[in-house]
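Trainee: Output the structure for:
(3 chains)
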Amino acid sequence: MSSEWPLWEVFVRGQHGLSHRHVGSLHAPDAEMAINNARDVYTRRNEGVSIWVVKAGDITASSPGDKGPLFEPSNSKVYRHPTFFDIPEEVGPM
Amino acid sequence: MARAATDDTALFEYALRLGDNCLILGHRVSEWCGHSPVLEEDIALANVALDLIGQTQLWLGLAGEIEGQWREGGGRSADDLAFLRDAGAFRNLLLVEQPNGDFGKTLARQFLFDAWHNAMLGALQGSADKRAAEIAEKAAKEVAYHLNRSRDLVVRLGDGTAESHSRMQRALDDLWFYTGELFLADEVDAAMLAAGIGPDLDDIRAQWDAEIDRTLKQATLRRPDSGHVQKGGKRGVHSEHLGYVLAEMQFLQRAYPGARW
Amino acid sequence: MYAQMVKTEADRPRTLEEMDPQERAFQERIDAGIKIEPKDWMPEGYRKTLIRQISQHAHSEIVGQLPEGNWITRAPTLERKAILLAKVQDEAGHGLYLYCAAETLGVSRDQLTEQLLSGKAKYSSIFNYPTLTWADIGAIGWLVDGAAIMNQVPLQRCSFGPYSRAMIRVCKEESFHQRQGYDIMMKLCQGTPEQKAMAQDALNRWWWPSLMMFGPSDAESVHSAQSMAWKIKLNSNDELRQKFVDQTVPQAEYLGLTVPDPDLKWNEDKGGYDYGEIDWAEFFEVIKGNGPCNRERMAARVKAHEDGAWFREGLMAHAEKQAERRRNAAA
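Mentor: The predicted structure is shown next:
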C-alpha cells in the first residue's frame, strides 16, 4: 500500500506581530499532525508564536499568464503612494 | 538556614534520579536520529531528545551543587556525573533504559514515561526547594508537549491499521512490568515528601492511571494486567542494557581520562 | 558539491536567436535576474535538471545525517551531545526543505525517496567515508560544511524561486555548523598530544574527499555551461574549490595542523594556493558505489524506510478513519 502523506503549506506568525508568513511545506497525515510537525520543523529557532497549515492542494493560486492584467494596472495609480504629493516642509510631519 | 544533612543526601539522590531518567531516555531517543520512519518524525524526535539532554544538565547540575556541601574538592559537574559513574551509581527507572525496539515500542515507552514525567513536574513546580521548582517549571512546558505528541501518536497508531494496532499492543505488553517502579516509594521519596520537596507517588499514580486509561481507550488498546513489577533502577540495580548504554556514552571520557573536549 | 555531477538535457546551451519565443522570454527573465516560479512556463530540460540537482542536494543532506549521527551517542560531553544532535537534526530539516522545493516541480517525495533507495539517484561522495574518531565530527563541520556553505551561499541567488528560498533558510541555519566543527578542532588541538594526533588524522582523511566535493573540473563540461546559463549553478567547480583551499589552509595553520598535500604552496601571481593532483579515480569509484561506506549508508536508509512503512500507513489509516467519522457525524 502506498500511502504518501499529503503535502501542507506552513505559515508562521513571528514574535513581532507581523502577519503569518509562508515558511515552507511538509508532509503529514492530517491537519493536527501538520501543526505538530510544523512546530518541530519550522520553529526550531524560536521563530514563531502561531502556526497555520493549509493542504497544498486546497490553495488556489493566480495564474502566471494573468500577471499582466492582474498586476500591471496598479502600476499607473501613482497617486496611491504618499510620495506623489509635494507638501512644503514648513507644514511639518504628515 | 541549614537543612539536616540527611535531607541533603536524599535530595542529591532525588536530583540524580530525575537527571538520570532524562539522560538515559534522551540517549535512547537520540539513537533514532537519521533512522526514523519519516523525515518529519526524525526532526520531532530529535527535539524531544534535545529537551531531555537539556533537563539532564539542570538536574545533574543541581545534584552536583548539593554534593558540593560535603564532597571534598566540591561537587561533581553534570558531565562528570553523566560520564564517570558506573551503572550501579545510576538512578534511572528501568523503563527508560529499555532498548528502542521498533518505532511503536519507542513511542509507547515515551508515552508511559511522559505521563509520569508530566505529573511529576507538575507537582515539583510547587516544591519547597526553589531550585527544583525552577527546573520543574522550565521542564514542564517541554514535557507537556512531549506528552501531547506521544499520546497523540499512541492513539493514532492504536486506532490505525491492524498491524499498527498489534504492534502498539505488543509494545505495551512488553513494557508494562517496568511501569510499577514509577510509583514505588522508598525512603528517599518519603524524605522528599516529608520535606515538601517531592510529591506523593500515590497522587502521581492516580494522575498517571487516568491519563493512561483515557488514552488507551481512545487508542482501542487494552491496558495490560498488572502483575509482577520489575524494579531496582532507583537504587542502582539495572537491566543488562544500561551497561551497554554507558559503554557507548562514556567511551571517550573513559578512553582519554582527564582530556577536555 | 552536494550536487556534484548534474546532467542537463542539453548538448550545449542555445543562443537566444536559436530559441523559440517562449524559451527566449524565459531566458531573458533569467538574464534579468527575475525568479522563475513553479507555475511559470519553463523548458523541460530546466525542470528535469533542477529536479535532479535539488534532489541530489536533498539526498545528500539525508545520507549526511548518518556519518555524524554515528557519534551522537558517543559525544564526550552533554553540551557536545546536544550541539551535534541539533546539527544532525538541522540536516534532516534541510533535506526536508529541499524535497519540498523539488516537489513544486511535479515530483513526489515518494518518487524521490524511491530514486534514492533504488540507487538511481546520486548523493554527495563525501558521505561515503567513515567517521572513525570524534575528531572526524570536527573535521566534517569544518571542512565538509565549509565546502557546502561555499556552494550554497551563491545558490541563494539561483533562478528558481523555491530553491533559492530553501537555500536562504539553509544558509541561515547552517551558519553555526562550520563554527561548531572548528570549535571541536580547536579544543582537540589545544588538548593532549593524543587529541592533537586525532585531529591531524582526521584532517589527513577528510582533506582530499572535501576537495572532491566540488566535483571534477568543469572546464569542458557542457552540463555546467547550460546550468550556468540557467543560473542554477553560479560558479565553476574549480573556482569554488580554489576559494575553499585559500580559505581553509590558514585555518589549518592556526590549528597547528598540516594539510596533507606536499604540493601545496602559495602562488603569489594568482594570489592563491597551488595544490596537488586530486585522485579522480577514487572519486569515480566512490560515485559508482565503491566508497568505504556506500553500502552501509544505503542499507541504513532502506532499513529506516522499510521498517517505518507500518508507521506511515498506520497514521494515514487513522487520519482517513477520522475524516470518515467526521463526515458521518455531519451527515
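Trainee: Would you agree A:V23 falls within a helix?
Mentor: No: the assignment for A:V23 is strand, going by DSSP: H, G, I helix; E, B strand; the rest coil, so no helix is present there.
Trainee: show me the contacts for it.
Mentor: Remark: with contacts taken as Cβ atoms under 8 Å, 6 or more residues apart in numbering or on different chains, A:V23 is in contact with A:10-12, A:42, A:47, C:169. (C-beta placed from N, C-alpha, C; glycine too.)
Trainee: give me that answer again for 6 Å
Mentor: A:10, A:12, A:42 (Cβ atoms under 6 Å, 6 or more residues apart in numbering or on different chains).
Trainee: just B:G243 next, same as before
Mentor: Counting by Cβ under 6 Å, 6+ apart, B:G243 touches B:A87.
Trainee: pretty sure it is in a helix, no?
Mentor: Yes: secondary structure assignment (three-state DSSP) places B:G243 inside a helix.
Trainee: For chain C, see how far away it is.
Mentor: Distance, B:G243 to chain C, using Cβ to the nearest Cβ, to the nearest Å: 14 Å.
Trainee: Tell me how far that residue lies from chain A.
Mentor: As judged by Cβ to the nearest Cβ, B:G243 and chain A stand 32 Å apart.
Trainee: Mind pulling up the pLDDT for that residue?
Mentor: B:G243 is assigned a predicted lDDT (pLDDT) of 98.
Trainee: Can you tell me which of the contacts of A:V23 is closest to chain C?
Mentor: Out of these, the one with the shortest distance to chain C is A:Y42. That distance is 8.4 Å, counting by Cβ to the nearest Cβ.
Trainee: List the contacts of whichever residue of chain B sits closest to chain C.
Mentor: Scanning chain B for the residue nearest chain C gives B:P37, at 2.1 Å (criterion: Cβ to the nearest Cβ). Listed by Cβ under 6 Å, 6+ apart, the contact set of B:P37 reads B:103, C:308, C:311-312.
Trainee: what do you get if the cut-off is 10 Å, keeping everything else the same?
Mentor: B:102-103, C:304-315 (Cβ atoms under 10 Å, 6 or more residues apart in numbering or on different chains).
Trainee: What strand or helix carries B:N47?
Mentor: helix B:39-67 (DSSP states H and E).
Trainee: same check, this time on C:Y273
Mentor: Residue-wise, C:Y273 maps onto strand C:272-274 under DSSP H and E.
Trainee: From the chain's centre, how far out is the helix or strand following that strand? Work that out for me.
Mentor: Along the chain past strand C:272-274, the next helix or strand (assigned with DSSP H and E) turns out to be helix C:280-285. Mean-position distance between helix C:280-285 and its chain equals 18 Å (Cα atoms, centre = their mean, to the nearest Å).
Trainee: Other residues contacting helix C:280-285?
Mentor: Counting by Cβ under 10 Å, 6+ apart, helix C:280-285 makes contact with C:4-5, C:125, C:128, C:208-209, C:211-213, C:215-217, C:279, C:290-291, C:294, all of which sit outside it.
Trainee: before we move on, the earlier item: dump the contacts of A:V23 to a markdown table, plus neighbour count and secondary structure.
Mentor: Output for the contacts of A:V23, formatted as a markdown table (neighbours: other Cβ atoms under 10 Å in any protein chain shown; DSSP: H, G, I helix; E, B strand; the rest coil):
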| residue | neighbour count | secondary structure |
| --- | --- | --- |
| A:V10 | 27 | strand |
| A:V12 | 20 | strand |
| A:Y42 | 23 | helix |
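Trainee: Can you add distance to B:L84 and pLDDT and give those back as a markdown table?
Mentor: Listed next are the contacts of A:V23 as a markdown table, based on distance: Cβ to Cβ, whole Å; pLDDT from 0 to 100:
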| residue | distance to B:L84 | pLDDT |
| --- | --- | --- |
| A:V10 | 43 | 96 |
| A:V12 | 42 | 94 |
| A:Y42 | 38 | 93 |
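Trainee: Nearest to B:M120, out of those: which one, please.
Mentor: Set against B:M120, the nearest of those by Cβ to Cβ is A:Y42 (30.2 Å).
Trainee: What helices and strands are in contact with the strand holding C:Y273?
Mentor: Secondary structure elements in contact with strand C:272-274, counted by 3 or more Cβ pairs under 10 Å, 6 or more residues apart in numbering or on different chains; DSSP states H and E, are helix C:237-255, strand C:265-267.
Trainee: Does chain B have contacts with the first one?
Mentor: No: for a cut-off given as Cβ under 10 Å from any Cβ of the partner chain, helix C:237-255 has no contacts with chain B; the smallest distance is 15.5 Å.
Trainee: which parts of that helix are buried?
Mentor: Of the residues in helix C:237-255, those with enough neighbours to count as buried (16 or more other Cβ atoms under 10 Å in any protein chain shown) are C:237, C:240-242, C:244-245, C:248-249, C:251-252, C:255.
Trainee: Which two among these are spaced furthest apart?
Mentor: Taking Cβ to Cβ as the measure, these reach their widest spread between C:N237 and C:L255, a distance of 26.3 Å.
Trainee: How many residues are close by C:E28?
Mentor: A count of nearby residues for C:E28, using other Cβ atoms under 10 Å in any protein chain shown, gives 12.
Trainee: Please name the residues that touch it.
Mentor: For C:E28, the set of contacting residues under the criterion of Cβ under 10 Å, 6+ apart consists of C:16, C:19, C:34.
Trainee: Would you list the phi and psi of the closest residue to C:Y163 other than its chain neighbours?
Mentor: In space, not counting the residues next to it along the chain, C:Y163 is nearest to C:A101; the distance is 5.0 Å by Cβ to Cβ, 6 or more residues apart in numbering or on different chains. Comment: the main-chain dihedrals of C:A101 come out as phi -60, psi -40, following degrees, to the nearest 10.
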